[in-house]
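Asker: Below are the sequence and a predicted model; questions follow.
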Amino acid sequence: MLILYAHPFSSYSWKAQIALDEKGIDFDYRNVDPEFPDHGQQLHALWPVGKFPLLVDGDRTLFETSIIIEYLDRIQPEPRLIPADPDAALRVRQLDRVFDLHVMAVMQDIVADRIRGPAGHAPMIVAKARAALDTVYRWLDTQLAGGGWATPDGFTLADCAAAPSLFYADWVHEIPAHLVNLRGYRARLLAHPSIARAVDGARPYRHYFPGGAPDRD
């Protein structure tokens, strides 16, 4: 059985977990929360950097969520999360990078500022991050005008990335009400069964969110 070292509140853990659930693959979830110290030690023994999620399949270990999901497509092709058609695959991979690098990574600049606290507050960094999120929100709203999932190719890698990215980004920099396409897409994601399971599994850990989690979702 596959082993996934992950944390229920971790955005990138969600991304891998959602893909596993979409494919209906059984796996052993090893929660790396401090309440399970053995799991953290096992993770570091396999990957000294200690970042998660980490997928273990026999003697093979894989990290970085997009690589994990590509591997899942290899061992269980259906349902595909990266289309076989090269052009469609490029479209999906590009949006995957947008959600990881231009939504999630930028949102984390704001979260990091909250962690630093008032003594380490960096207004310029926060303002730059908020402006960058506004820009990518507007662009995504135009891309999602047709409704449905991130691309015309069904539920894919791009949606696995979008779900945690937009879930947490909206907590720190709310998607404006007039961006109805993007807000509608986020709502569709959160109603999707594999994503709803990830959201529910993270509820006991919401007190971890810097500055406090909003009373919604």
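Answerer: It's in.

Asker: Now do the helices in the protein.
Answerer: Residue ranges of the helices in the chain, as given by DSSP state H, are 11-23, 37-46, 65-75, 86-97, 105-116, 123-143, 157-172, 180-191, 193-202.

Asker: To residue 5, which of those lies closest?
Answerer: helix 37-46 (4.5 Å; Cβ to Cβ). Where you see a C-beta, it was placed from the backbone N, CA and C, and this is true even at glycine.

Asker: Show residues contacting the closest one.
Answerer: With Cβ atoms under 8 Å, 6 or more residues apart in numbering as the test, helix 37-46 has contacts from 5, 30, 31, 32, 34, 50, 52, 54, 56, 61.

Asker: just the helices of the chain: most buried one?
Answerer: helix 157-172 (a mean of 26; mean count of other Cβ atoms under 10 Å).

Asker: avg pLDDT for that helix?
Answerer: Here helix 157-172 scores 98 as its mean pLDDT.

Asker: try stretch 206-217
Answerer: pLDDT averaged over stretch 206-217 gives 95.

Asker: Show me which residues of that stretch are buried.
Answerer: In terms of neighbour count (16 or more other Cβ atoms under 10 Å), stretch 206-217 has its buried residues at 209, 213.

Asker: ok, residue 2 - contacts?
Answerer: Counted by Cβ under 8 Å, 6+ apart, residue 2 has contacts 20, 25, 26, 27, 28, 55, 56, 57.

Asker: so it bridges to which residues?
Answerer: residue 27 (DSSP bridges).

Asker: quick one: pLDDT of it?
Answerer: 98.

Asker: do the same with residue 80
Answerer: Among the per-residue scores, residue 80 holds a pLDDT of 98.

Asker: Quick check, it in contact with residue 74.
Answerer: No: Residue 80 is beyond contact range of residue 74, at 10.5 Å (criterion: Cβ atoms under 8 Å).

Asker: Okay, now the unreliable bits of the protein?
Answerer: Nowhere does the chain drop to pLDDT under 70.

Asker: got the domain boundaries for it?
Answerer: Listed domain ranges for the chain are 2-75, 86-202 (source: automatic domain parsing).
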